[in-house]
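K.L.:
Output the structure for:
(4 chains)
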2 protein chains.
Amino acid sequence: MSSDQTKTAILTAAEMLWAERSFGEVTMRDIVAAAGVNLAAVNYHFGSKDELLADLFVSRTTVLNRERFAELKAAEIEGNGRPSVEAILRALVSPPLRWCLSPDQQRSAAARFMTRASVETVPPIKKIVDREFRHLQRFATALRLALPHRDEVDIYWGLHFALAMIRQTVTDSERLKKLSGGLCDLNDVDDIIRRIVSTAHDALVGGTGTVTPLPARASGSRKS
Amino acid sequence: MSSDQTKTAILTAAEMLWAERSFGEVTMRDIVAAAGVNLAAVNYHFGSKDELLADLFVSRTTVLNRERFAELKAAEIEGNGRPSVEAILRALVSPPLRWCLSPDQQRSAAARFMTRASVETVPPIKKIVDREFRHLQRFATALRLALPHRDEVDIYWGLHFALAMIRQTVTDSERLKKLSGGLCDLNDVDDIIRRIVSTAHDALVGGTGTVTPLPARASGSRKS
DNA sequence: GTCTATATTCGGATAGAC
DNA sequence: GTCTATCCGAATATAGAC
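P.N.:
Residues are numbered from 1 along each chain as shown, chains lettered A, B, ... in the order given. The predicted model follows:
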């Protein structure tokens, strides 16, 4: 097995395990067993368990942020430099939700891993939040430009709530499914994105509901 | 030191530590050092680290749920058995937020501890979610009765989003404060509760904004 | 570069004195 | 009931053979 293959196998295995359990609960032995490599390989390739986590987190957030940013750019171009609030929110919300609900297990695990890791209090993560910070500020700026008459405070709260709904949906969809007795369809990505975007939009513009409102008696599922 | 004092000291110390760091990161040695008791005391009084966590979690959620339930009851009485959606949401949202932002450090820690613990994958917690489950179903039922013409699916999604905003605000208020450059005032409890209730309300009724909408240019802080 | 075997640290639990 | 001292297992990290 080549060096790259080994590294990838470790990253992939770690991601899958950390998507379901917390940092401390997943041991390096769990990881190497799942990756089919030797215990020493982790320290050889990454230095330590902490650094493996940091590397993986940076790797995944970089890709996710690029995707979000590309959608934001596209919205700006389409809106001739004045993207709608809805388009900005979509750029923020869609990528993590599409990842999370992707049929590709790896992509799905990546989304859950990131939200889990972002609340981890382990040292290496703390250093990375700055990167995430600047990323979110871009969205805050875009929203301020789209809502020039709105109080900045409301903008930040709206962003905060949007992130809250993303996180809860990515990490705790199981509870919603059980609570609703299976009524809420967690497979209909478009419906979920629409709900989050719509709610965040209402929070931002003050509940006037100018964005496509939810149908009064929409069925929980449209696809599948 | 009496038996009760020792138990309380352990619970209090554990709660403060688990409010900031995850289960695995806080060791029993950390806890007994903070509590000023001996290492063996934890096993003597609680049996194990896992059971300490479970006991603490049950203890705190019991009190919180009672508070939520009392507010719900009060809303039902005031509304002659037909509480408004806003009143129901307030009963759900207010208690954890008031705890979290209380000047009492212990109350504040309790709120953060609960939200942290509820996503912990450690065995003993899993057994307790059923209790939380029934508790949430009461609120779902109340909302269904208050919105008889609304699709049940929408109700559950609204509840889901309300819980998401509560959690994010309790655990990640620091990021919002930094992101907003200190603009968002995390000390004005009433303002925060109103924002969450209002947004959740919009999600539930479809963004018609019948609940006291946020003032267009509200200052971030009203108190302090 | 990879792997086996091992060193070392650390944390949860317990035995037994007081 | 409380505390000291200790055991034991587990987990990270590393040394050194291949």
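K.L.:
CA only for contacts and neighbour counts going forward, please
P.N.:
Noted.
K.L.:
hang on, residue A:154 packs against residue A:204?
P.N.:
Yes - Residue A:154 is within contact range of residue A:204, at 6.2 Å (criterion: Cα atoms under 8 Å).
K.L.:
For the lowest-mean-pLDDT helix or strand in chain A, list every residue counted as buried.
P.N.:
One helix or strand of chain A scores below all others by mean pLDDT, DSSP states H and E: helix A:123-126, with a mean of 72. Using 16 or more other Cα atoms under 10 Å in any protein chain shown as the test for burial, helix A:123-126 gives A:124-125.
K.L.:
tell me which strands and helices that helix is in contact with?
P.N.:
helix A:49-78 (3 or more Cα pairs under 8 Å, 6 or more residues apart in numbering or on different chains; DSSP states H and E).
K.L.:
what angle sits between the helix or strand following the helix it packs on and helix A:49-78?
P.N.:
Following helix A:49-78 in sequence order, the next helix or strand is helix A:85-100 (DSSP states H and E). Computed with axes from the mean of the first three to the mean of the last three Cα atoms, to 10 degrees, the direction of helix A:85-100 lies at 140 degrees from that of helix A:49-78.
K.L.:
can you give me how far helix A:85-100 is from the chain middle?
P.N.:
Remark: helix A:85-100 is offset 9 Å from the chain centroid, using Cα atoms, centre = their mean, to the nearest Å.
K.L.:
Repeat that for stretch A:124-139.
P.N.:
13 Å.
K.L.:
So what touches it?
P.N.:
A:50-51, A:53-54, A:57-58, A:65, A:88, A:92, A:117-118, B:179 (Cα atoms under 8 Å, 6 or more residues apart in numbering or on different chains).
K.L.:
Tabulate the residues you listed (a markdown table), appending neighbour count, pLDDT and distance to DNA strand C.
P.N.:
Output for the contacts of stretch A:124-139, formatted as a markdown table (neighbours: other Cα atoms under 10 Å in any protein chain shown; pLDDT from 0 to 100; distance: Cα to the nearest atom of the strand, whole Å):
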| residue | neighbour count | pLDDT | distance to DNA strand C |
| --- | --- | --- | --- |
| A:50 | 14 | 92 | 14 |
| A:51 | 17 | 92 | 17 |
| A:53 | 21 | 94 | 18 |
| A:54 | 20 | 92 | 19 |
| A:57 | 22 | 95 | 21 |
| A:58 | 18 | 93 | 21 |
| A:65 | 19 | 97 | 29 |
| A:88 | 26 | 98 | 42 |
| A:92 | 25 | 98 | 37 |
| A:117 | 20 | 92 | 20 |
| A:118 | 15 | 89 | 22 |
| B:179 | 19 | 94 | 33 |
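K.L.:
Taking these, tell me the two that lie furthest apart.
P.N.:
The largest distance within the contacts of stretch A:124-139, taken as Cα to Cα, falls between A:50 and A:88 and amounts to 34.1 Å.
K.L.:
can you pull out the helices in chain A?
P.N.:
A:3-20, A:28-35, A:39-46, A:49-78, A:85-100, A:105-118, A:123-126, A:129-146, A:152-171, A:173-179, A:189-205 (DSSP state H).
K.L.:
Go through those helices and name the closest to residue B:141.
P.N.:
Taking these one by one with Cα to Cα, helix A:173-179 is closest: 10.9 Å.
K.L.:
Can you give me the pLDDT of residue A:219?
P.N.:
Note for residue A:219: predicted pLDDT of 39.
K.L.:
Please read the previous query as pertaining to residue A:215.
P.N.:
46.
K.L.:
follow-up on the earlier one: can you put the helices of chain A in TSV and add distance to residue B:9?
P.N.:
Shown next, in TSV, are those (distance: least, Cα to Cα, whole Å):
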stretch	distance to residue B:9
helix A:3-20	33
helix A:28-35	35
helix A:39-46	40
helix A:49-78	32
helix A:85-100	42
helix A:105-118	31
helix A:123-126	28
helix A:129-146	34
helix A:152-171	33
helix A:173-179	33
helix A:189-205	42
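K.L.:
looking at these, which is closest to residue B:36?
P.N.:
helix A:123-126 (26.5 Å).
K.L.:
before we move on, back to that, within reach of DNA strand D, which of the contacts of stretch A:124-139 are there?
P.N.:
residue A:50 (Cα under 7 Å from any atom of the strand).
K.L.:
Could you dump the contacts of stretch A:124-139 into CSV with distance to residue B:146 added?
P.N.:
CSV is the format used below for those (distance: Cα to Cα, whole Å):
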residue, distance to residue B:146
A:50, 49
A:51, 51
A:53, 46
A:54, 47
A:57, 43
A:58, 46
A:65, 40
A:88, 33
A:92, 33
A:117, 38
A:118, 37
B:179, 37
